[in-house]
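A.B. asks: using only what follows, build the 3D model:
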Amino acid sequence: MNYTTEYYDYEEVCEKDDINKFGAQLMPIFYSLVLLLSVLGNGLVLVILVKYEYLKTITNIFILNLAISDLLSAISLPFWAVHHSKGWIFGDVMCKIMSGTFYVGFYSGIMFLTLMTIDRYLAVVHAVTAVRSRKVCYAAITSTGVWLISITATIPDFYFAKTVRGDYDTYICDDSYPVDNVGPWKLLKYCQQNVLFFIIPLIIIVYCYVRIIQTIIKCRTVQKHRTLRVIFSIVVVFFLCWVPYNIVIFLRFMEEVKILDELECDHDRKLDYAQLFTHSIAYFHCCLNPIFYVFVGEKFRRHLIYFCGHCMPCGLICQKQMSVSRSANLEVSDGNDTTNNW
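C.D. replies: Modelled structure (predicted):
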């Protein structure tokens, strides 16, 4: 993000240099930290899924794809870090690729979270009738469809993202819509990002969890749905990270289409700061899911201990974990419900 100096009625100059300087100092450090945590955490998730779980359940397939979505969002972070400090120096092609990659990760992530919630809904609320539909092959087909939809929805971002001149002879990577059709394209992007890939999934997820909680309370089988804790935690964290950012861009959209009056300089600067912080929180989400797998997912935690004890050169740590990993390996083999892996 690069906040340009704005002019109101050609009289008052709204300076935003301090916002750009603040972003140039904070964002590279923050993005580097998020990139490191995301690559490390989601990389371990991929290794453990492939090495120990063999993708035998629907939940594992969706979690695998969710980890890939998080990694896609993280890949663009080094480029945005440089963008904050020096402007966009990578050219139009990389501008298009990085803008599109971020939204592919975002769109696919929310769709996989929705699918995971629907899968839990079917397994808990319609346990008998869902036996036939909850097949691994269906999960693979559905995942392929999610990636195709995500890529298709990102085509405008790939197409319109360009390097444009900002203040002080620097360049920024931003959407450059046709002058005659700026409004419709911005409306399309808002509806796509906020309504199609945020509000509608939120409604579906809330409905599913309300029905799931009602069913579990009636049946008193909370101990049989450990997977529910993991997915519920992931969904809650996702919306806590993305709701503030979506509120801010909704206000920006209302201002751009003239539904709201143009903000005064002081309020506009505050909204710029809010956009900077909420956008950072949204990016931070891509490294949080593995943390919840460890702290909430009991079986994932056992796999992680076993993997660190046997496959990583941890020296004395490995020796201390040997007894724990042996017992964990025995516990892995005696689980009866394969849907509760996480």
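A.B. asks: ok, which stretches of the stretch 51-200 of the chain are strands?
C.D. replies: Taking DSSP state E, counting those that start in this stretch, the strands of the stretch 51-200 of the chain run over residues 161-165, 171-175.
A.B. asks: show me which residues of whichever strand or helix holds Ile231 are buried.
C.D. replies: Take DSSP states H and E as the rule and Ile231 turns out to sit in helix 226-256. Neighbour counts over helix 226-256 (16 or more other CB atoms under 10 Å) mark 226-228, 230-235, 237-239, 241-242, 244-246, 248-249, 251-253, 255 as buried. Every residue, glycine included, has its C-beta placed from N, CA and C.
A.B. asks: same thing with stretch 84-97?
C.D. replies: His84, Gly87, Trp88, Phe90, Met94, Cys95, Lys96, Ile97.
A.B. asks: for this protein, which segments count as helices?
C.D. replies: With DSSP state H as the criterion, the chain has helices at 17-48, 58-75, 77-86, 91-125, 136-153, 155-160, 182-190, 200-219, 226-256, 265-284, 289-296, 298-311, 316-333.
A.B. asks: pick the most deeply packed of the ones you listed.
C.D. replies: Across the helices of the chain, the average number of neighbours (mean count of other CB atoms under 10 Å) peaks for helix 58-75, which reaches a mean of 23.
A.B. asks: who wins for proximity to Ser176 among the helices of the chain?
C.D. replies: helix 155-160 (5.8 Å; CB to CB).
A.B. asks: I'd like to know which elements that closest one is packed against.
C.D. replies: Using 3 or more CB pairs under 8 Å, 6 or more residues apart in numbering; DSSP states H and E, the elements in contact with helix 155-160 are helix 91-125, helix 182-190.
A.B. asks: picking that back up, any chance of the helices of the chain in a markdown table, plus mean pLDDT and distance to Ser176?
C.D. replies: Listed next are those as a markdown table, based on pLDDT from 0 to 100; distance: least, CB to CB, whole Å:
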| stretch | mean pLDDT | distance to Ser176 |
| --- | --- | --- |
| helix 17-48 | 83 | 20 |
| helix 58-75 | 89 | 23 |
| helix 77-86 | 84 | 16 |
| helix 91-125 | 89 | 10 |
| helix 136-153 | 91 | 19 |
| helix 155-160 | 89 | 6 |
| helix 182-190 | 80 | 10 |
| helix 200-219 | 84 | 28 |
| helix 226-256 | 79 | 15 |
| helix 265-284 | 81 | 19 |
| helix 289-296 | 70 | 33 |
| helix 298-311 | 73 | 43 |
| helix 316-333 | 43 | 52 |
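A.B. asks: mind putting these into JSON lines with distance to Asp174?
C.D. replies: Formatted as JSON lines, these follow (distance: least, CB to CB, whole Å):
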{"stretch": "helix 17-48", "distance to Asp174": "14"}
{"stretch": "helix 58-75", "distance to Asp174": "18"}
{"stretch": "helix 77-86", "distance to Asp174": "10"}
{"stretch": "helix 91-125", "distance to Asp174": "8"}
{"stretch": "helix 136-153", "distance to Asp174": "19"}
{"stretch": "helix 155-160", "distance to Asp174": "9"}
{"stretch": "helix 182-190", "distance to Asp174": "12"}
{"stretch": "helix 200-219", "distance to Asp174": "26"}
{"stretch": "helix 226-256", "distance to Asp174": "13"}
{"stretch": "helix 265-284", "distance to Asp174": "13"}
{"stretch": "helix 289-296", "distance to Asp174": "29"}
{"stretch": "helix 298-311", "distance to Asp174": "39"}
{"stretch": "helix 316-333", "distance to Asp174": "47"}
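A.B. asks: right, I'll call it a day here.
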